[in-house]
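**Q** need a 3D model of the sequence below.
(one chain, ligands or ions: 2)
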Amino acid sequence: MVCITIDQAGDYLGQEVTLQGWLYNKRSSGRIQFLEVRDGTGWIQAVVVRKEVDEAVWGEASRLTQESSLTIRGTLKEEPRSKWGYEIWVSDITIVQLAEEYPITLKEHGTDFLMDHRHLWIRVPRQQAILRIRHEIIWAMQEWLNDQGFIRVDTPILTPNACEGTTTLFDIEYFGDKAYLAQTGQLYSEATIGSLRRVYCFGPAFRAEKSKTRRHAIEFWMLEPEMAFCDQEENMRIQEELVAYVVHRVLERRGEELVVLGRDTAALRRVVPPFPRITYDEAIDFLKAHGEELPWGEDFGAPHETIIASQFDRPVFVTNYPSQVKAFYMKPHPERPEVAICADLLAPEGYGEIIGGSQRIDDLDLLKQRIREHNLPEDAFKWYLDLRRYGSVPHSGFGIGLERTVTWICGLDHIREASAFPRLLNRIYP
Ligand code: 4AD
Ligand code: MG
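**A** Ligands and ions are numbered 1, 2, ... in the order given. Presented below is the predicted three-dimensional model:
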């Protein structure tokens, strides 16, 4: 007897097989029970007919509770009327564990309740679809970079310094010293390009963001490519190619999941380079024309980003932000030193910033000056300054937020569904 998974069912039609999974739902009459079984690879309807099975098997089927784990034996049949295409006609059932009364029923639950039961909530089709798409995005991002000759070098999570602003730092005790959870791996990637030229790091980033929004997580994953001998033009070209590749890869391989999520795929199909570009100054003018006046020099909030992005049908680069709202390491524009050579990539449909990137300061003295202006401890940055002492080169890079990308591509309302176990303001359980 072969033990198969549900995704292989089509190859075993007419044969008797064993399946291992969980009971998702059950309907029954006195003569027949329909078990909806899932096994992590798919769903199938298992049919138990009273007069065709032993009384004991009928009894086991009757006892089954929602989410019980089980092994079933039976014969596979094609069933065009079933939403999954196949059925298994059961000859035997073994209960692996009879589940206690399951807290998540098939009716509606509130968000807080579901988040408290996130460890169970991830079993439903919608959450499975999101996790599969997240996996596909990670796979596609890395595959594209690997094919372009990038080398993945992982960067530390425990670090001695701040990079993306001191207000969102998590500090911890490090054998009597202070250490911080990484906000980014970028500074280390600026070191590894000196060895490997084109690199990326991919790992968790931590920011103690006090803002409770639909887009901010406290712990999120970020993919950060960094390139030696690369200016901002090339940096943006790499970003648009990467993003388009990832979106089309999800369309190609995760069509079923996008259907489960009810995602409008026409909007995703339009994600083709080149992406439009507007400057920060143009964006400010555009906002003003739309009744959202913002003084020059202030950063955009989520509503501003939504207005700016709404005029385009694909992601848009907003370039040359005022240096004062950006990180210390960004290279100033040669003709307008008050703005940085940088761009944020805003996703369409109101999803906001998914990428932040820039050309980096490659001059030692200017970098020192910026570290001082930002009140950063020069000691902790000694090694970083060395990179401008020994073979400094023009270089650029960017960071793409995984959960923001998942939220956009899946069309989710909130970032909390983009990770299996999100860490949000006031949420660290489960
Ligand atoms: O714009 P950010 O802060 O840029 C950096 O960290 C640079 N070191 C990147 C680089 O140039 N190597 O963050 C980059 C991206 C954002 O565009 C966003 O997608 C994501 O990281 N991000 C967050 N995602 C979820 N929750 C948060 N609190 C996030 N903060 C940033
Ligand atoms: Mg940013």
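
**Q** ranges for the helices of the stretch 301-430 of the chain?
**A** Under the criterion DSSP state H, counting those that start in this stretch, the stretch 301-430 of the chain carries helices at the ranges 302-309, 364-373, 382-386, 402-410.

**Q** could you do the stretch 1-150 of the chain as well?
**A** Under DSSP H, counting those that start in this stretch, the stretch 1-150 of the chain gives helices at 55-63, 111-116, 118-121, 125-147.

**Q** out of those, deepest packed?
**A** helix 125-147 (a mean of 17; mean count of other C-beta atoms under 10 Å). (Each C-beta comes from the backbone N, C-alpha and C, glycine too.)

**Q** of the helices of the stretch 301-430 of the chain, flag the one that's most buried.
**A** helix 402-410 (a mean of 24).

**Q** still on that earlier bit, ligand 1: which of the helices of the stretch 1-150 of the chain is closest?
**A** Closest to ligand 1 of the helices of the stretch 1-150 of the chain, according to C-beta to the nearest ligand atom: helix 125-147, at 12.5 Å.

**Q** could you give the angle of that closest one to helix 402-410?
**A** Interaxial angle of helix 125-147 relative to helix 402-410 (axes from the mean of the first three to the mean of the last three C-alpha atoms, to 10 degrees): 110 degrees.

**Q** what's the next secondary structure element after helix 125-147?
**A** Counting by DSSP states H and E, the next helix or strand C-terminal to helix 125-147 is strand 151-152.

**Q** which strands and helices sit next to that next one?
**A** With contacts defined as 3 or more C-beta pairs under 8 Å, 6 or more residues apart in numbering; DSSP states H and E, strand 151-152 has these neighbours: helix 125-147, strand 198-206.

**Q** and the contacts of that strand?
**A** 142, 145-146, 192, 196, 198-202 (C-beta atoms under 8 Å, 6 or more residues apart in numbering).

**Q** from those residues, list just the buried residues.
**A** Among those, those buried by neighbour count (16 or more other C-beta atoms under 10 Å) are 145, 192, 198-202.

**Q** hang on, the earlier thing: tabulate the contacts of strand 151-152 in TSV, adding columns for pLDDT.
**A** Formatted as TSV, the contacts of strand 151-152 follow (pLDDT from 0 to 100):
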residue	pLDDT
142	98
145	98
146	98
192	98
196	98
198	98
199	99
200	99
201	98
202	98
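
**Q** if we look at ligand 1, which of those residues are close to it?
**A** Among those, no residue is within reach of ligand 1 (C-beta under 6 Å from any ligand atom).

**Q** and those as JSON lines, adding distance to residue 174?
**A** Supplementary listing: the contacts of strand 151-152 in JSON lines, determined by distance: C-beta to C-beta, whole Å:
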{"residue": "142", "distance to residue 174": "30"}
{"residue": "145", "distance to residue 174": "32"}
{"residue": "146", "distance to residue 174": "34"}
{"residue": "192", "distance to residue 174": "23"}
{"residue": "196", "distance to residue 174": "28"}
{"residue": "198", "distance to residue 174": "32"}
{"residue": "199", "distance to residue 174": "26"}
{"residue": "200", "distance to residue 174": "27"}
{"residue": "201", "distance to residue 174": "21"}
{"residue": "202", "distance to residue 174": "24"}
